[in-house]
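A.B. asks: sequence and predicted model, in that order:
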Amino acid sequence: MIKTNVLKHIKTLVLCALVMFTSCKNNDTKDAKIMTDNILLQEWTGPYGGVPAFDEMNVEDIKEAMQKGMELNLADIDKIANNSEPATFENTIVAMERSGKELDRVYSYYGILSGNMSTPEFRKIQSELAPELSEFRSKISQNEKLFQRIKAVYDASQTSSLEADQQRVVELIYKGFAMRGAELDAEKKKRYAEINKELSTLYTDFSNNILHDEENYVTYLTKDQLSGLSDGFIKSAAKIATDKGQESKYAITNSRSSMDPFLTYSNERELRKQVWTNYYSRGDNDDEYDNNEIIAKILKLRKERVGLLGYDNYADWRLQDRMAKNPENAMELMNAVWPAAIARVKEEVADMQAIASKDNITIEPWDYRYYAEKVRKQKYDLDSDEVKQYLQLDKLTQALFFTAGEIFNYDFKPVPEGSVPVFHEDVKVWEVTDKDSGEHIGLWYLDPFARQGKRSGAWATTYRSHTTFDGKETVLGSNNSNFVKPAPEEAVLVSWDDAETLFHEFGHALHYFSSNVKYPTLNSGVRDFTEFQSQILERWLSTDKVINKFLVHNKTGEPIPAELVAKIKKASTFNQGFVTTEYLASAIMDMKLHLADPTNIDIDKFERETLVEMNMPKELPMRHRTPQFGHVFSGEGYATAYYGYMWADVLTSDASEAFKEAPDGFYDKAVAKKCVDYLFAQRNSMDPAEAYKKFRGRDAKIDALMRDRGFPVPN
Ligand SMILES: [Zn+2]
């Protein structure tokens, strides 16, 4: 109902290249020694088909393990490439799918050390490994003999066809190699690899600069500066300050989960400005951690690299295997929504200004959230803090399980204490089974709280994905968020927005758990489709069943009053100008940066001028300003792909109407089954556009999205 759902991040696809490009075992004695000594390379043992030994994980082991993992990989790729038998699906494609178990395992630890438990020590190792990893990937993607064998299988499949899923695997692998330069001549290949190596270092530097600025700009408040803030917020701010050695002060950290509530409630305008400025200046402080030069270099290298393949710009190259197909289609969608979004901002600002004028204040960006909250109370009589009293993390987690039970027929049970190793005491684990058959589906890890060294935001990832081609592998999926850990004995109360995020990330997890694919490559995602599953899950938060069962007051246990629910629903299109505009500004900027000529580009100037051209309202910033746009510049996952959230949201709104039109609404068994079968379980084994048509009987239309946001529906 409330669509702040364009906002969340994931990192589901970090491994897709690795899953494709990995190798198998090597038995010489030196290897055997490292294999026994280094825990990170070892096979996962214990219950549930084996689980990562997170409790024995050690940062000292990671470099050696990664290097050994890569070496084992390459050895096996060579074995596949040098096979003297003619290339077949079995000896080439299946062999590739089977390869690389060791590196996959190490990568799970690597992901934890970089995302959940980062330290300066690890970041140094990460910087050292980045170019090595890049070289490693190039060695596989540019392996001429390997590519010739893949091509032979692909060519043969064009005349005598394989099983449908095998055909899809071959095509994805063949096209993936071609997209990554496998058909280039030797000289161009060399340059291609050099560029990737340079980029990998720039990506790491970019992320580390942001992390530096997030950790090093903390605003400490004194007791007389707390006006407007809630008790819960004050308590946790006090705890964070104490943990940082600032006894009797209150810490506002430079993260979204601290900044956002502070700007919404604090009556101290100068402090709001300071917290706002710290947050939106990350990576842009004109010091050694400034990202502007890095971005210019990244854009030049990306353009040069796709030029080697004959593409005019990065966006054309990137979007060829996405649902949108090309940048024009993506821009068309964004341009269709943009005018309605900025027109709504004008209305929102006018509403806020009417209140602010009484304080002799002209709305500035650090005032938007504060006065929006006042308008929300006045117009909808909705107090976010009152809503929060009914949103307890524990109950919401139960609500996730309830939804999964109704729609996916899953049961979640906590694993016996101590039976599954975790990397931090805050992490909890549940076993997922089928409600009827009791069949084991996987484990769900939840790491809920913010801590030093954990990246900001919320995300989902897998440590192991479902496959059956080589015996059944069950799923190890995880959700990660940054709720502020409460003082002891306090319930974890979250905002409506945070509750939606919780459902969102759980949608990604259900996408992993429901996979029915045979081959690992078919678990890969299509970027502008992989936010559909998460965004649709958010819709269950505001269904009656969830509201009545799980939204109960943290002190009295009373269910949330019907009037309050009615107010929440009525306010569901509130602030959509802000939400849509801050998101779209970033998404359009992402695309324009990659369509522009990067020679002599001045990032700061480009951002400023592009925003003017777009008629960006001056009262709010982009959700991610360019120097901190990690989606786009800390790797390539979301480069020219940030639009994908809205692309997927068109599907989400349209699919939601299919539920609403059904006899049992969001709990309609027939629609739920179709949704799971076509839009979840298939993963990438079917073209997403085709899968959507099978679900809905037609293509998705933009109208439902406009209705959901309270914007006029175009004729
Ligand atoms: Zn997501």
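C.D. replies: Yep, that arrived. Numbers count the residues shown, from 1 in each chain.
A.B. asks: can you give me the strands in the stretch 1-150 of the chain?
C.D. replies: Assigned by DSSP state E, counting those that start in this stretch, the stretch 1-150 of the chain shows no strands.
A.B. asks: pull the number of nearby residues for the nearest residue to residue 662 once chain neighbours are set aside.
C.D. replies: Nearest residue to residue 662 in three dimensions, chain neighbours excluded: residue 668, at 3.6 Å (CB to CB, 6 or more residues apart in numbering). Every residue, glycine included, has its C-beta placed from N, CA and C. Residue 668 is flanked by 18 other residues according to other CB atoms under 10 Å.
A.B. asks: residue 692: what secondary structure?
C.D. replies: For residue 692, the assignment made with DSSP: H, G, I helix; E, B strand; the rest coil gives helix.
A.B. asks: which residues does it contact?
C.D. replies: 651, 655, 678-679, 699-700 (CB atoms under 8 Å, 6 or more residues apart in numbering).
A.B. asks: and the residue nearest to residue 662, how far from residue 661?
C.D. replies: 9 Å (CB to CB, to the nearest Å).
A.B. asks: OK, now which residue of the stretch 401-550 of the chain is nearest to the ion?
C.D. replies: Here the stretch 401-550 of the chain gets closest to the ion at one residue, residue 534, 4.1 Å apart by CB to the ion.
A.B. asks: that residue: which element?
C.D. replies: Using DSSP states H and E, the element containing residue 534 is helix 532-538.
A.B. asks: and what of residue 339?
C.D. replies: Judged by DSSP H and E, residue 339 forms part of helix 327-356.
A.B. asks: show me where the stretch 501-650 of the chain has its helices.
C.D. replies: 532-538, 544-550, 562-570, 576-595, 603-613, 630-633, 644-661 (DSSP state H, counting those that start in this stretch).
A.B. asks: got the contact list for the fifth one?
C.D. replies: Which is helix 603-613. 284, 292, 295-296, 585, 588-589, 592-593, 596, 622, 625-627.
A.B. asks: just to revisit the earlier point, least reliable of the helices of the stretch 501-650 of the chain by average pLDDT, please.
C.D. replies: Mean pLDDT is lowest for helix 562-570 out of the helices of the stretch 501-650 of the chain, coming in at a mean of 89.
A.B. asks: what's it packed up against?
C.D. replies: Packing partners of helix 562-570 (3 or more CB pairs under 8 Å, 6 or more residues apart in numbering; DSSP states H and E): helix 384-388.
A.B. asks: buried ones among the contacts of helix 603-613?
C.D. replies: Neighbour counting with 16 or more other CB atoms under 10 Å marks 284, 292, 295-296, 585, 588-589, 592-593, 622, 625-627 as buried within those.
A.B. asks: give me the below-cutoff pLDDT ranges for the protein.
C.D. replies: 1-36 (pLDDT under 70).
A.B. asks: rerun at 50
C.D. replies: Applying pLDDT under 50 to the chain flags residues 1-30.
A.B. asks: got a list of what the residue of the stretch 301-450 of the chain found nearest the ion touches?
C.D. replies: Residue of the stretch 301-450 of the chain nearest the ion, by CB to the ion: residue 400 (14.8 Å). If you count contacts by CB under 8 Å, 6+ apart, residue 400 has them with 412, 502-503, 506.
A.B. asks: from these, which ones fall inside strands?
C.D. replies: In strands, judged by DSSP state E, the following of the contacts of residue 400 are found: residue 412.
A.B. asks: want to throw the contacts of residue 400 into JSON lines with neighbour count and distance to the ion?
C.D. replies: Shown next, in JSON lines, are the contacts of residue 400 (neighbours: other CB atoms under 10 Å; distance: CB to the ion, whole Å):
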{"residue": "412", "neighbour count": "18", "distance to the ion": "20"}
{"residue": "502", "neighbour count": "27", "distance to the ion": "12"}
{"residue": "503", "neighbour count": "23", "distance to the ion": "11"}
{"residue": "506", "neighbour count": "28", "distance to the ion": "10"}
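A.B. asks: out of the contacts of residue 400, who's nearest residue 226?
C.D. replies: residue 502 (27.4 Å; CB to CB).
A.B. asks: tell me, how many residues neighbour the nearest residue to that closest one once chain neighbours are set aside?
C.D. replies: Nearest residue to residue 502, sequence neighbours excluded (CB to CB, 6+ apart): residue 396, at 5.6 Å. Residue 396 has 21 neighbours, counted by other CB under 10 Å.
A.B. asks: now residue 396: phi and psi?
C.D. replies: Backbone geometry at residue 396, expressed as degrees, to the nearest 10, gives phi -70, psi -40.
A.B. asks: can you tell me how far it is from residue 451?
C.D. replies: Residue 396 is 20 Å from residue 451, where distance means CB to CB.
A.B. asks: got it, and residue 545?
C.D. replies: Residue 545 sits 34 Å away from residue 451, taking CB to CB as the criterion.
A.B. asks: one step back: tabulate the helices of the stretch 501-650 of the chain (TSV), appending distance to residue 465.
C.D. replies: Output for the helices of the stretch 501-650 of the chain, formatted as TSV (distance: least, CB to CB, whole Å):
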stretch	distance to residue 465
helix 532-538	14
helix 544-550	28
helix 562-570	36
helix 576-595	28
helix 603-613	37
helix 630-633	22
helix 644-661	20
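A.B. asks: then stretch 589-603 to PDB, C-alphas only?
C.D. replies: Output of stretch 589-603 as PDB, limited to C-alpha atoms (Å, rounded to 0.1, in the frame of the first residue of the first chain):
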ATOM      1  CA  MET A 589      21.200  10.200 -13.300                       C
ATOM      2  CA  ASP A 590      22.600   6.600 -13.500                       C
ATOM      3  CA  MET A 591      21.400   6.300 -17.100                       C
ATOM      4  CA  LYS A 592      22.500   9.800 -18.200                       C
ATOM      5  CA  LEU A 593      26.000   9.400 -16.700                       C
ATOM      6  CA  HIS A 594      26.400   6.300 -18.800                       C
ATOM      7  CA  LEU A 595      24.900   7.800 -22.000                       C
ATOM      8  CA  ALA A 596      27.200  10.900 -21.700                       C
ATOM      9  CA  ASP A 597      30.600  11.300 -23.200                       C
ATOM     10  CA  PRO A 598      32.900  10.800 -20.300                       C
ATOM     11  CA  THR A 599      36.000  12.600 -21.900                       C
ATOM     12  CA  ASN A 600      36.800  15.400 -19.500                       C
ATOM     13  CA  ILE A 601      33.600  14.800 -17.500                       C
ATOM     14  CA  ASP A 602      33.300  16.800 -14.200                       C
ATOM     15  CA  ILE A 603      31.000  14.700 -12.100                       C
END
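A.B. asks: what distance separates it from the centre of its chain?
C.D. replies: 24 Å (CA atoms, centre = their mean, to the nearest Å).
A.B. asks: buried residues in it?
C.D. replies: So stretch 589-603, judged by 16+ other CB under 10 Å, has buried residues 589-594, 598, 601, 603.
A.B. asks: what do you get for stretch 391-399?
C.D. replies: Neighbour counts using 16+ other CB under 10 Å place 391-393, 395-397, 399 of stretch 391-399 among the buried residues.
A.B. asks: stretch 362-377 too?
C.D. replies: Quick answer for stretch 362-377 (16+ other CB under 10 Å): 363, 365-376.
A.B. asks: how about the residues you listed in CSV, adding secondary structure?
C.D. replies: Output for the buried residues of stretch 362-377, formatted as CSV (three-state DSSP):
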residue, secondary structure
363, coil
365, helix
366, helix
367, helix
368, helix
369, helix
370, helix
371, helix
372, helix
373, helix
374, helix
375, helix
376, helix
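A.B. asks: between these, which is nearest residue 485?
C.D. replies: Distance to residue 485 across the buried residues of stretch 362-377 (CB to CB) is lowest for residue 369, with 22.9 Å.
A.B. asks: so what's that closest one up against?
C.D. replies: So residue 369 contacts 260, 263-264 (CB under 8 Å, 6+ apart).
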